[in-house]
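[1] sequence and predicted structure, then a few things I'm wondering about:
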Amino acid sequence: MALRRTYAVALFGVDGVLVEIEADVRTGGLPSVQLLGLPDTALQESKNRVRAAVRNSGEEWPKSCVTLALSPAALPKAGTSYDLALACAVLAGAEQVPPRRLEGAVLFGELALDGRIRQVRGLLPGLLAARREGIRRAVVPVEGLAEARLVEGVEVLGATRLDEVVRWLRGTADLVTEPPELAAPVRAEPEDLADVLGQPEARWALEVAAAGGHHLLLVGPPGTGKTMLARRLNGLLPELSGQEELEVAAVRSVAGELTGAVLPEGPPFVAPHHSTSIPGLIGGGAGLARPGAVSRAHRGTLFLDEACEFGARHLEALRTALEEGEVRLSRRDGTLRYPARFQLVLATNPCPCAPARDVDCHCAPQVRRRYFGRLSGPLLDRVDLRVDMRPVTATSMRGGDQVEASAAVRERVCRARECAARRWAGHGWRTNGEVPGPVLRREFALPGAATALLDRGLDVGALTARGADRCLRVAWTLADLDGRERPEAEHVASALAFRERRVG
């Protein structure tokens, strides 16, 4: 009997901490199992799961006092991903398996009572954290091999049962290195912008939003194409970079949504219903919180249809994520960080009765103001582009207006994004929408002739300082789409026109 150790990972959002598991198996005393290191209920119950899995795998459970310590001891541990590491630590401590292959290896997996190894959430961010700590070998459930192989520099081995891992530790068998064959996912064709008839101003705003990573508000009665436009935004966005794909996959892994095709097929599109809860929107849950819609939309689009039907607290909760690009959730067991760098698209009717024409509206003026007032000033101040939708006409329904397909618009968007990426490469930003205002005002200040309208808006109180900064970001995007080196007065004027406050 001896003291042996294995390694697992504790996840806090998409951040992981390497956990050292020590097993002290001593002869004498009453048979018992002590689990130390702030385990939650699911982890505390792992003592029974691990014992049954070891016995049902043909191994002997030590008839002695077993002490399992998870370090750092002051760090809360949650979940069932520690089961496999605990079982191997006990078997190594009881000298039933040699400890050599456990050195420098991290193990993931929940154990069934019959010894099967089940898939766990957060495999990708857990392996990334282990790699940062110098781990170069990992044993994971076979179902997670495709996900685990995304992490370069780590030898990944898969197993379906505990007895397979035991034989591997004894050197009598090898573990799986290739993921199982999966049916190739059928990638849905992106919806085309050519399907949207008319609405030239809204189509132009959508292109500007895609080119600069700006937030967008669409206001208009039902049936004018607000939802159609929003769903076509992703078709205009460039492909995700390798790092962005890993970020999106890490969030999906923690949310338990990473199945089949591991890497995302493009920027995510998330459209929660207005009846969703605040934890469902921002993230939350008992103990350590799960990612919400804003994090699942990371590097993609968050679409809030019927935005004025969302509760005021829901909408105000978006403000920090819009400003900082991440969500921090404080809970009893600690504070978690989830990325939330998304493009927000809001769509709303101008009033509760939502007639096809303004002249048919039966709402009193105060009702209209109260309804649209659910979008507060501070929230609207963070929305760069605001558009009133045109009424649908017979001419536009027959396709009388010339329409442009997504492919042509996407070419212009990609060119504009490349210009922005080159400009901000030294600062670490990729789009104009990410650039802080002080940088635009100091290092990239525009001449007074170009910003005269903007300065007047600040002087008369029509704009806040944040609104002026966002106008400058949009102006740089308009210049990129125009192929200009710097924004001119016309670009600033167009950006200012996009910020005209809508009152329904």
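    Cool, the structure landed. Because the structure is predicted, anything quoted here is derived from the model rather than measured.

[2] from now on I want contacts and neighbour counts done on CA atoms only, so please keep to that.
    Noted.

[3] quick check, Leu102 in contact with Arg4.
    No. Counting by Cα atoms under 8 Å, Arg4 is not a contact partner of Leu102; they are 9.2 Å apart.

[4] pLDDT weak spots in this protein?
    Scanning the chain with the threshold set as pLDDT under 70 gives 1, 182-188, 259-261, 286-288, 332-333, 356, 358-359, 393-402, 500-504.

[5] other SSEs contacting the longest strand along the chain?
    When the chain is parsed with DSSP state E, its longest strand is strand 15-26. Judged by 3 or more Cα pairs under 8 Å, 6 or more residues apart in numbering; DSSP states H and E, the packing partners of strand 15-26 are strand 3-12, strand 65-71, helix 83-93, helix 123-132.

[6] in its sheet, which strands sit next to the shortest one, and in what direction?
    By that I understand strand 65-71. With DSSP bridges as the test, strand 65-71 is paired with strand 15-26 (antiparallel), strand 32-36 (parallel).

[7] most neighbours per residue, which of those strands?
    Compared across the strands paired with strand 65-71, strand 15-26 shows the largest average neighbour count, a mean of 21 (mean count of other Cα atoms under 10 Å).

[8] show residues contacting it.
    For strand 15-26, contacts defined as Cα atoms under 8 Å, 6 or more residues apart in numbering pick out 1-11, 62, 64-72, 85-86, 89-90, 93-94, 125-126, 128-130, 133, 336-337.

[9] filter those residues to the buried ones?
    Buried subset of those (neighbour count, 16 or more other Cα atoms under 10 Å): 1, 3-11, 62, 64-72, 85-86, 89-90, 93-94, 125-126, 128-130, 336-337.

[10] host element of Glu265?
    Here Glu265 sits in a region with no helix or strand, counting by DSSP states H and E.

[11] what about it, distance to Leu43?
    Applying Cα to Cα, to the nearest Å, the value for Glu265 to Leu43 is 34 Å.

[12] between those two, which is the more surrounded one?
    Leu43 (19 against 13; other Cα atoms under 10 Å).

[13] surely the more buried one touches Ala78?
    Yes. Proximity of Leu43 to Ala78 meets the contact threshold set by Cα under 8 Å, at 6.1 Å.

[14] let me see the ranges of the strands in the stretch 201-350 of the chain.
    Along the stretch 201-350 of the chain, counting by DSSP state E, counting those that start in this stretch, strands occupy 216-219, 269-270, 283-284, 290-291, 301-305, 326-331, 334-339, 343-348.

[15] out of the ones you listed, nearest to Ser32?
    For Ser32, the closest of these is strand 334-339, at 30.1 Å, according to Cα to Cα.

[16] which residues outside the closest one are in contact with it?
    Strand 334-339 has contacts (Cα under 8 Å, 6+ apart) with 12-15, 76, 251, 288-289, 291, 295, 298, 325-330.

[17] repeat that for 6 Å
    Phe12, Gly13, Ser295, Glu326, Val327, Arg328, Leu329 (Cα atoms under 6 Å, 6 or more residues apart in numbering).

[18] that strand vs strand 326-331, what angle?
    Taking axes from the mean of the first three to the mean of the last three Cα atoms, to 10 degrees, one finds strand 334-339 and strand 326-331 inclined to each other by 160 degrees.

[19] with only the CA atoms kept, save strand 334-339 in PDB.
    What follows is strand 334-339, C-alpha atoms only, in PDB (Å, rounded to 0.1, in the frame of the first residue of the first chain):
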ATOM      1  CA  GLY A 334     -17.100  31.000  -6.900                       C
ATOM      2  CA  THR A 335     -17.000  33.500  -9.800                       C
ATOM      3  CA  LEU A 336     -17.000  32.200 -13.400                       C
ATOM      4  CA  ARG A 337     -16.100  34.000 -16.600                       C
ATOM      5  CA  TYR A 338     -17.700  33.200 -19.900                       C
ATOM      6  CA  PRO A 339     -16.800  35.000 -23.200                       C
END
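
[20] what about that strand, distance to the chain center?
    Taking Cα atoms, centre = their mean, to the nearest Å, the mean C-alpha location of strand 334-339 is offset from the chain mean by 12 Å.

[21] now it against strand 3-12, angle please.
    Inter-element angle recorded for strand 334-339 and strand 3-12: 60 degrees (by the same axes, to 10 degrees).

[22] mind checking how far the closest residue to Ala205 other than its chain neighbours is from Ala85?
    Once flanking residues are discounted, Ala205 sits nearest to Leu385: 6.8 Å by Cα to Cα, 6 or more residues apart in numbering. According to Cα to Cα, Leu385 and Ala85 sit 51 Å apart.

[23] re the thing from before, out of the strands of the stretch 201-350 of the chain, nearest to Ala255?
    Ranking those by proximity to Ala255 (Cα to Cα) places strand 290-291 first, at 6.2 Å.

[24] residues making contact with that closest one?
    Outside strand 290-291, the residues within contact range by Cα under 6 Å, 6+ apart are Gly283, Gly284.

[25] and if you look at stretch 100-111?
    Outside stretch 100-111, the residues that touch it by Cα under 6 Å, 6+ apart are 7-8, 80-81, 83-85, 117-120, 135, 137-141.

[26] which ones among those residues lie within helices?
    Secondary structure assignment by DSSP state H places Asp83, Leu84, Ala85 of the contacts of stretch 100-111 in helices.

[27] now the closest residue to the last one other than its chain neighbours: how far from Leu18?
    When you say that, I think you mean Ala85. Nearest residue to Ala85, sequence neighbours excluded (Cα to Cα, 6+ apart): Leu107, at 5.2 Å. According to Cα to Cα, Leu107 stands 11 Å off from Leu18.

[28] cool, and Arg370?
    Arg370 sits 51 Å away from Leu18, taking Cα to Cα as the criterion.

[29] nearest to Leu246, out of the strands of the stretch 201-350 of the chain?
    Among the strands of the stretch 201-350 of the chain, strand 334-339 comes nearest to Leu246, with 11.9 Å by Cα to Cα.

[30] could you find the closest non-adjacent residue to Val413?
    Ranked by Cα to Cα, 6+ apart and with sequence neighbours excluded, the top spatial neighbour of Val413 is Ala211, at 4.6 Å.

[31] check contacts around the one you found.
    Contacts for Ala211 were tallied using Cα under 6 Å, 6+ apart; they are Val413, Ala416, Arg417.

[32] just the buried residues out of those residues, in PyMOL syntax.
    Selection of buried members from the contacts of Ala211 for PyMOL, criterion 16+ other Cα under 10 Å:
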select buried, resi 413+416+417
